[in-house]
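J.: structure here, sequence nowhere to be found:
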């Protein structure tokens, strides 16, 4: 399990997202550009909104963080939709 505590309120959810960047659980969209992650069986992933949720200052930053976990590796990837 990927634990995002204490930032679980910044996760993209399958339904009922409060963050405009989140289009679904693993899809981000901003200004007509979309980033989507597809996972296979035995893999896990979550997306955390960084800009305006995890980090609330006015400095330039990545929009979101993808967290990915499989049997053999763990990956964290930043993304900017702009």
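T.: In hand now; what should we look at? Everything numeric in this text was worked out from a predicted model, so none of it was measured.

J.: how near is the residue sitting furthest away from the middle of the chain to residue 47?
T.: Most distant from the centre of the chain: residue 72, at 20.8 Å, with distances by CA atoms, centre = their mean. Here the criterion is CB to CB, to the nearest Å. By it, residue 72 lies 21 Å from residue 47. Placement of C-beta: from N, CA and C, glycine included.

J.: likewise residue 23?
T.: 10 Å.

J.: those two: who's more crowded?
T.: A direct count of neighbours by other CB atoms under 10 Å for residue 23 and residue 47 places residue 47 higher, at 29 against 16.

J.: remind me which helix or strand the more buried one belongs to.
T.: Under the criterion of DSSP states H and E, residue 47 resides in strand 44-49.

J.: what about residue 26, neighbour count?
T.: If you count neighbours by other CB under 10 Å, residue 26 ends up with 18.

J.: cool, the one 3 residues further on as well?
T.: Burial measure for residue 29: 15 neighbouring residues, criterion other CB under 10 Å.

J.: do the same with residue 46
T.: 22.
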